[in-house]
Every structure is written in structure tokens, then in C-alpha cells.
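In: predicted model, plus sequence, below.
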Amino acid sequence: MDIFRADPSYQKWNLSGALNDDTSSAILEALGLADPTKPTLFNINSEGGEALISLGIAHELYRVLPNLETRAVGWCASAAVTLLQGGHIRSSTPYVSFCTHPMKADQKDLTAQTAREF
């Protein structure tokens, strides 16, 4: 089963699983093929993953797709919550479980300066 799937016919994306290098590559590839004039729905069901990856992807999603809706479905934890913030419209289905915690990067606290350097 694919962790990330993109349906190019109407720009519906689904993430089920952790945010890692493979997932981020697939998301960025779909982003490069996306039509910014069309609405895009990005369903997120993820336990999280790499903090810096989620910050970078959320930034690119927000910058490139002005009609992006991110929607939490099922489980949205850790870095996935950051990814959810990349949408211009953010929503969730009923009974979604959210989990957040302070971000860490390489055992150091993530600061605004660290995020800008990313």
C-alpha cells in the first residue's frame, strides 16, 4: 500500500503514514505537477515524523497552492499537525485524534533561527 497517493485528475492527495524522506519526495513531486489554479484536497492520517521535513513541506504547500485544503482524518500527530497548517483551509473529520508536543531537532530545541536556516 502506498503511503502517499496523488490523484492528478482532481488533485486529491492522501497521506497515510509517517513523514520521512520517501514521503516528502513523493509530496514534493506531486506539488511540482499540481495545477495551482485548481483546488487541492490533502487528507492527512499520520503519526508524524521528521519535524524539519514537515516545516519545509508546509511552507511549500502554502506558498505554491493558494487553493489548498488540508484535512485531518483519523490520526494527526506530531509533525503531521505542522503539515496540516500548510493549507489555506484547514479542517478535520469527526473524531480525529490530535497529538502535539514541543519540537526537537537533533536533540536541541527547535528555534525560529533553526527553522529559517532550513
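Out: That came in fine, so what should we check first? Numbers count the residues shown, from 1 in each chain.
In: what's the longest strand anywhere in the chain in contact with?
Out: Scanning the chain for the longest strand, with DSSP state E as the assignment, gives strand 68-77. Contact with strand 68-77 is made by 39-48, 61-62, 80, 83-93, 96-100, as judged by C-beta atoms under 8 Å, 6 or more residues apart in numbering. No exception for glycine: its C-beta is placed from N, CA and C like everyone else's.
In: got a quick ChimeraX command for the buried subset of these?
Out: In ChimeraX syntax, the buried subset of the contacts of strand 68-77 is picked out as below (16 or more other C-beta atoms under 10 Å):
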select :40,41,42,43,44,45,46,47,48,61,80,83,84,86,87,92,96
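In: return the subset of the contacts of strand 68-77 lying in helices.
Out: Judged by DSSP state H, helices contain the following of these: 61-62, 80, 83-84.
In: ok, and the closest non-adjacent residue to the residue most central in space within the chain?
Out: The centroid of the chain falls nearest to residue 83 when counting by C-alpha atoms, centre = their mean (3.1 Å). Counting by C-beta to C-beta, 6 or more residues apart in numbering, residue 54 is the residue found nearest to residue 83 once chain neighbours are left out, at 4.7 Å.
In: before we move on, what about residue 100?
Out: Nearest to residue 100 is residue 81, by C-beta to C-beta, 6+ apart, at 5.3 Å.
In: residue 18 now?
Out: residue 49 (4.1 Å).
In: thank you kindly, that will do.
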